[in-house]
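J.: coords please:
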Amino acid sequence: MSSLRILGLSYLAAASLFTLAIMFSDHASLRMVTDQAAQFVARQFQSRVMAPVLLFARLEDEKILDPQVSVPLAPPKPNDAPVLAHALVPPAKKIIAPMLSPSEPTITMPELPDAGKEEGYGTAPPPLPNFTKPETLPSLVPPEPSPDSALGPMERAAVSSRLAQSLSPEMRKKFDLFLYVSKARQGPLAQRLYVFKKNSGGALVMAYDWAASTGREKYEISPAGAHVRTVTPAGFYQLDPGRFFRAYHSSAWDQSMPYAMFFNREDHGDPTGLAIHAAVGDDIAKLGSRASAGCVHIAPAHAQLLFDMIRADYRGKAPRFAYDRASRTMSNDGEMMRDANGNLVMADGYRVLIDIEDFSGAGRVAALN
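T.: Below you'll find the predicted structure:
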């Protein structure tokens, strides 16, 4: 028998003896107790003594009460903190959420809207690739200013960060020289060409940043009478190994293109006329603003340096971009050509990747400051 049950029965026996003592005592005053008074005492004993004892014994026997748990009925006082901190709390019961029945509808939240344009400068940058293994990416070396750089440390850090996020792991691995071009109309990083080299450890290092000019971004009539839009399309490009010219003349615009390096891209069956080359004449003074018919202009000395560096140091196998045979157009969104086994298709060329974006850098530079 449990200790609680023994306690209850002992209490009952003591109370019974007390009642008998009252009923059979020889004391004169107690003998005057009437039968009605005796019944009243019995009822009180039953309700105030026996009922609580029996209830307590039943609860203990059914394991409803836990003698280790103490539940305060009054709000804790300031001095009660040490006691409450060490109180034993029974384990919480698991709560199982009800399952939705097949008839109950489910709600799908809509996609978030596009962030839109970046602080008024051009269009929003393209979405960044979803890298599944960021640990495989080489680190980015803090850029040092080139001798003719007009940018501060925050601007150089901002464009370095943007390029690092734009490149996929395959791009980083398969190319060794990266030309990042901002075609934004205005902003701290606008209208410049940034040259990044990959060092022996695989890290990207900014070697040069130069003023540039991209397309005027409007409809015009060329000297040959053609209606054209003078735009530099954003995207990823490679250089055409068969179209490097120290001296080239554009018949469409009747203009010289020294140190021309044409992009390797076919658009609806036609090879692109876009190239990186030296600015000439009045266009030299316009570097840093949109001033070309679509090509990327840089200063003559910078064009010669870049031309000679690529030809001397970056010849080799490079991935080919995907090609749509139906439209006879080569991809410029970073998608690469693969064989039947999923391997990249490599071809002789230059291990140089060009990334053109409408990215002013205004928001990123402000964040770094």
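
J.: which intervals of this structure have sub-threshold pLDDT?
T.: Applying pLDDT under 70 to the chain flags residues 1-148, 369.

J.: let me see the domain layout of it.
T.: 3-66, 134-368 (automatic domain parsing).

J.: mind putting those in JSON lines, mean neighbour count included?
T.: Any C-beta I mention is one placed from the backbone N, CA and C, and that applies to glycine too. Converted to JSON lines, the domains of the chain look like this (neighbours: other C-beta atoms under 10 Å):
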{"stretch": "domain 3-66", "mean neighbour count": "12"}
{"stretch": "domain 134-368", "mean neighbour count": "17"}
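
J.: which other residues reach stretch 276-284?
T.: Under the criterion C-beta atoms under 8 Å, 6 or more residues apart in numbering, residues 179, 193, 213, 248, 255-261, 286-287, 291-292, 295-300, 302-304, 306, 354 lie in contact with stretch 276-284.

J.: how about stretch 333-341?
T.: Contacts of stretch 333-341 (C-beta under 8 Å, 6+ apart): 126, 129, 168, 170-171, 235-236, 319-323, 344-345.

J.: quick one: terminal-to-terminal distance for it?
T.: 22 Å (C-alpha to C-alpha, to the nearest Å).

J.: returning to what we had before: inside helices: which ones of the contacts of stretch 276-284?
T.: The members of those that map onto helices under DSSP state H are Pro300, His302, Ala303, Gln304, Leu306.

J.: can you name the two of those that sit furthest apart?
T.: Pro300 and Leu306 (10.9 Å; C-beta to C-beta).

J.: show me the common contact partners of these two, please.
T.: Common neighbours of Pro300 and Leu306 (C-beta under 8 Å, 6+ apart) are Tyr259.

J.: dump the residue contacts of the residue lying closest to Ala224 once chain neighbours are set aside.
T.: Once flanking residues are discounted, Ala224 sits nearest to Ala252: 5.6 Å by C-beta to C-beta, 6 or more residues apart in numbering. When contacts are counted by C-beta under 8 Å, 6+ apart, Ala252 touches Ser222, Pro223, Ala224, Ala226, Gly273, Ala293.

J.: now distance to Ser149 and secondary structure too, for those residues, in a markdown table please.
T.: A markdown table is the format used below for the contacts of Ala252 (distance: C-beta to C-beta, whole Å; DSSP: H, G, I helix; E, B strand; the rest coil):
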| residue | distance to Ser149 | secondary structure |
| --- | --- | --- |
| Ser222 | 34 | coil |
| Pro223 | 35 | coil |
| Ala224 | 38 | coil |
| Ala226 | 38 | coil |
| Gly273 | 30 | coil |
| Ala293 | 27 | coil |
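
J.: which of those lies closest to Leu189?
T.: Minimum distance to Leu189 across the contacts of Ala252 is 22.7 Å, recorded for Ala293 (C-beta to C-beta).

J.: the closest one contacts Gly215, correct?
T.: Yes: Ala293 is within contact range of Gly215, at 6.5 Å (criterion: C-beta atoms under 8 Å).

J.: mind listing the shared neighbours of those two?
T.: By the contact definition C-beta under 8 Å, 6+ apart, Ala293 and Gly215 are jointly contacted by Thr230.

J.: quick one, helices of this protein?
T.: Under DSSP H, the chain gives helices at 3-24, 35-45, 51-61, 81-85, 153-166, 169-174, 300-313, 362-368.

J.: show me the contacts for Met309.
T.: By C-beta under 8 Å, 6+ apart, the contact set of Met309 is Leu177.

J.: give me that answer again for 10 Å
T.: Residues in contact with Met309 (C-beta atoms under 10 Å, 6 or more residues apart in numbering) are Leu177, Val195, Lys197, Ala207, Tyr208, Val352.

J.: these: which two are farthest apart?
T.: Tyr208 and Val352 (13.7 Å).

J.: and for these two, which residues touch both?
T.: Contacts common to Tyr208 and Val352, judged by C-beta under 10 Å, 6+ apart, are Leu179, Val195, Leu306, Met309.

J.: test my guess that the first one contacts Tyr194.
T.: Yes: judged on C-beta atoms under 10 Å, Leu179 makes contact with Tyr194 at a distance of 7.3 Å.

J.: need the residues touching each of the two.
T.: Jointly contacting Leu179 and Tyr194 under the rule C-beta under 10 Å, 6+ apart are Leu163, Tyr208, Ala212, Asp355.

J.: from Ser168, how far off is Val159?
T.: Separation of Val159 from Ser168 (C-beta to C-beta, to the nearest Å) stands at 18 Å.

J.: can you pull the contacts of the residue nearest to Ala150 when sequence neighbours are not counted?
T.: Excluding the flanking residues, the one nearest Ala150 by C-beta to C-beta, 6+ apart is Ala211, at 7.4 Å. Counting by C-beta under 10 Å, 6+ apart, Ala211 makes contact with 148-150, 191-193, 279, 284, 286-289, 297-299, 302.

J.: just the strands in the stretch 251-369 of the chain please.
T.: Ranges of strands in the stretch 251-369 of the chain, per DSSP state E, counting those that start in this stretch, are 255-256, 260-263, 266-267, 270-271, 275-278, 296-298, 315-319, 323-324, 329-330, 346-350, 352-357.

J.: between the ones you listed, which gets nearest to Val231?
T.: strand 352-357 (10.8 Å).

J.: ok so, going back, in CSV: the contacts of stretch 333-341, plus distance to Gly201.
T.: Formatted as CSV, the contacts of stretch 333-341 follow (distance: C-beta to C-beta, whole Å):
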residue, distance to Gly201
Pro126, 28
Pro129, 22
Ser168, 19
Glu170, 18
Met171, 17
Gly235, 29
Phe236, 24
Pro319, 22
Arg320, 27
Phe321, 27
Ala322, 30
Tyr323, 33
Leu344, 23
Val345, 28
